[in-house]
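In: pasted the sequence and its predicted model underneath.
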Amino acid sequence: MSTNINQKYTMHTHIQTSFYSSVAGGIKTDFTEADFSKSVVLYEISRFEVENGLVDRLIHDMRVQDDNPMIHGGPGHCGFWVSGYDDDPRELYEIPEVVAFMRKADESCPCWIYFSNVECRWLGLVAFCTSQNGGVFRRKDESKFTFALSGPEISGFLTRQMSDFDAFCALAKIPETRIRDHVSGILQSFGIGNLGK
């Protein structure tokens, strides 16, 4: 799963990866003193979290509250990835534990569309893993694949996140043009087209 993130302006990168196990007594994330308004966050989800269904840290970091520093990066500032499966020949969507983790996390309705950078394909992975009837198209001669989801499934996936998306944008005071650009990118990533300018 690629996490190549291209931005139109220079950004500083802060890697937010620390995980404190529930056994150790917490779900805190180790945020450095970062200016999230000028940062791309590379958000690591560990194999340990995946295989133990530990979604609390992720849900905490995506909460709709004005004291959540993660909101200030604005739409699309996170590149998510799952670590620990580098030697596994399967794609993430083929790993049952990853699918189960995504479904468990999605029960809390995190606003994936606010945080996820469209170019890293995370939204497609989450939508596929949480769908009931998704498919994957892969050419025999290529390693690339495409997620195939029905219109109603895509619509449901996006619609259930819109109120939180609007709340995040209001809290972070995101300009309307940036909101429209991000939403257009999301729609294009699902093959829906572009919003009028």
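Out: Great, that's in hand. Numbers count the residues shown, from 1 in each chain.

In: biggest helix in the chain by residues?
Out: Looking across the chain with DSSP state H, the single longest helix is helix 176-189.

In: tell me which residues in that one are buried?
Out: Residues I179, D181, H182, V183, S184, G185, I186, L187, S189 are the ones in helix 176-189 that count as buried (16 or more other Cβ atoms under 10 Å). No exception for glycine: its C-beta is placed from N, CA and C like everyone else's.

In: from the residues you listed, pick the one nearest F157.
Out: Lowest distance from F157 to the buried residues of helix 176-189 (Cβ to Cβ) belongs to I186, with 10.2 Å.

In: all helices of the protein, in order?
Out: Using DSSP H, helices in the chain cover 47-51, 56-61, 96-106, 112-115, 122-130, 151-159, 162-172, 176-189.

In: which one, of those, ends up nearest to C78?
Out: Closest among these, using Cβ to Cβ: helix 112-115, at 4.2 Å.

In: packing partners of that closest one?
Out: When contacts are defined as 3 or more Cβ pairs under 8 Å, 6 or more residues apart in numbering; DSSP states H and E, helix 112-115 sits against helix 122-130, helix 162-172.

In: neighbouring contacts of the last one?
Out: Applying Cβ atoms under 8 Å, 6 or more residues apart in numbering, the contact partners of helix 162-172 are 64, 66, 71-75, 109, 111, 113-114, 174, 179.
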